[in-house]
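K.L.:
all I have is the shape, not the residue letters:
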């Protein structure tokens, strides 16, 4: 999922609309009709509109604060500015126009700076604090009481209880961090790194990909660093030198610019943490997460790493044996070690040889159209929903599809989702979900329609074949669509707690839980069929696929732990860290594999901007995701509508209006535990062995 969005802009209502806008959608999403100046004007108008509201709240005499003159205006401005404004960020992530993308980045800086200014308004903080002490505050419904209390906590965490001089320092740091973060992400999105190879240098790469690659005047094939090129080449190419060159370029993207940016950000975060009274940035971040502190995170990661290490030791030996055998076949000398550029290739080889899974053959049973149809059917059945594809809707690119979502029993329209599944130059390069309009209550107490966008980068159809997904991509599709459903099904009353705006170390759990469906026979049958004749996935192939779930579990999970530990290390209090050297050292310690020289993973690690101090959340939330699946769906049926109804109502509907622990206890009927998580990783708890 994308980092949560706080920027805001107007709805572009002055732009002529060439196609329909679904009922209840407030913003215009055909960014092809916009210019750079339109984007900047929208941002400036937003800032102007919001400032009037904030000034009004700040001007209230603390002795005369009421719900109507303090809390209601803040709820309204938060909701409306979010709804208007995320449009600008999406434009920067998906527009084909360089002018629009550039303007989006500049507008985002303006609005982030304004957002920081408003978050540092002591007059507003004092009035919210004053209201919290009134009798009226105690009579509010629970979600609004939670809103008031969280606003006060955030104010204190912004330093609003500090002397003015320190508050100004904090504000200055926040603005600089925000500006640098926008630049960091823009550099990655705009990256067009590529290498040309001969066909011989791409030995082993699937023919359909080779046939789709652009050629230069010499007839060499263009390999970009976009996922549909990068992953097949690094997983399948038998020529080590080619894999080396691709991995080197991929890990060196934006190295010079982004290394400087991220190292400045890390120093600024530490300076801010100390001003606010925290020993380090990780402590500051985790205070309001489920984990609560870095010591808990460190112990969690270390205990898990210790349990996984024996798995990796076995996997490593298997990989070495396979590499030796592969090199002998190719007539290449065996160097007796695993290199960084061997990792993905050898993992693919393990799947192919140990589990007899030919990923290229398997892909033929996962054409995009069939997967999408099956995925939508599964989610509709589990969650009690009805999806209807809409035609003639204004969108930012012709590839984008729009669906209406209704409750299957009541017919109530909950909202809409937009699917943008294929790569383009300048488009956001990973997979994410964005809630572009929260389905919370409007100023009149009426529920808005929720609008969600899902951005992915799957391979497009060619003249010879439709878009075919490998199983990992099917898993990604299912995961991100799980976030979409969180954004659609939520019924929180405020934008602050809507959809995925839960504790950040829980936010992945609902989607991770739903990944299990891509490993279950019943659901796999619904979303597969050969692209040529629709024939079913053969029973033996399906059986081997299901058995391969824990293939490479050691290396995969240890890499997640490494990423989380690296994130923690960068935010542990030390300043002026050499991010490249730290990563190389930690990678060597974890896997006994050297990094490629003159690269810097940190410069490409987008989670360091937005998920900073929180990457551990992927593993942390997986504990809850597996507990939910094993305890309910695995026992009661993966397509059981009653279980799905409970899941929708008890996990998705509340959003962040309740603590995650409360949601889990409601769904599980008990406190969560690690047993199912350890089992899912191919491990077991020694205490229960």
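P.N.:
It's in. Quantities reported herein were computed from a predicted structural model and do not represent experimental measurements. Numbers count the residues shown, from 1 in each chain.
K.L.:
so where do the strands sit in the stretch 351-500 of the chain?
P.N.:
Taking DSSP state E, counting those that start in this stretch, the strands of the stretch 351-500 of the chain run over residues 385-390, 401-407, 413-420, 432-437, 450-455.
K.L.:
between the longest one and strand 450-455, how many degrees?
P.N.:
Taking axes from the mean of the first three to the mean of the last three CA atoms, to 10 degrees, one finds strand 413-420 and strand 450-455 inclined to each other by 20 degrees.
K.L.:
got the contact list for strand 413-420?
P.N.:
22-25, 29, 94, 372, 385, 390, 395-397, 399-407, 427, 436-437, 439, 449-456, 484, 487-489 (CB atoms under 8 Å, 6 or more residues apart in numbering). No exception for glycine: its C-beta is placed from N, CA and C like everyone else's.
K.L.:
contacts only, for residue 515.
P.N.:
Going by CB under 8 Å, 6+ apart, residue 515 touches 475, 478, 479, 482, 625.
K.L.:
I meant to write residue 476 there.
P.N.:
Residue 476 makes contact with 431, 456 under the criterion CB under 8 Å, 6+ apart.
K.L.:
of all the strands of the stretch 351-500 of the chain, which one is nearest residue 162?
P.N.:
strand 432-437 (32.5 Å; CB to CB).
K.L.:
who does that closest one touch, helix- and strand-wise?
P.N.:
helix 72-94, strand 450-455, helix 471-489 (3 or more CB pairs under 8 Å, 6 or more residues apart in numbering; DSSP states H and E).
K.L.:
just how off-centre is the shortest one within its chain?
P.N.:
What it means is strand 450-455. Mean C-alpha position of strand 450-455 versus that of the full chain (CA atoms, centre = their mean, to the nearest Å) differs by 13 Å.
K.L.:
sheet partners, orientation included, of that strand?
P.N.:
Counting by DSSP bridges, the strands paired with strand 450-455 are strand 413-420 (parallel), strand 432-437 (antiparallel).
K.L.:
dump the ones you listed into CSV; add distance to residue 98, mean pLDDT and mean neighbour count as well.
P.N.:
What follows is the strands paired with strand 450-455, written out as CSV (distance: least, CB to CB, whole Å; pLDDT from 0 to 100; neighbours: other CB atoms under 10 Å):
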stretch, distance to residue 98, mean pLDDT, mean neighbour count
strand 413-420, 18, 98, 23
strand 432-437, 21, 97, 25
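K.L.:
turn those into JSON lines, columns for distance to residue 175.
P.N.:
Listed next are those as JSON lines, based on distance: least, CB to CB, whole Å:
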{"stretch": "strand 413-420", "distance to residue 175": "31"}
{"stretch": "strand 432-437", "distance to residue 175": "24"}
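K.L.:
among these, which comes closest to residue 570?
P.N.:
Residue 570 sits nearest to strand 432-437 of all the strands paired with strand 450-455, at 22.2 Å, using CB to CB.
K.L.:
how about residues contacting that closest one?
P.N.:
Under CB under 8 Å, 6+ apart, the answer for strand 432-437 is 1-2, 5, 25-27, 29, 83, 86-87, 89-90, 93, 415, 418, 448-455, 480-481, 483-484, 486-487, 498-500.
K.L.:
go again using 6 Å as the cut-off
P.N.:
1-2, 83, 86, 90, 451-455, 480, 483-484, 487, 499 (CB atoms under 6 Å, 6 or more residues apart in numbering).
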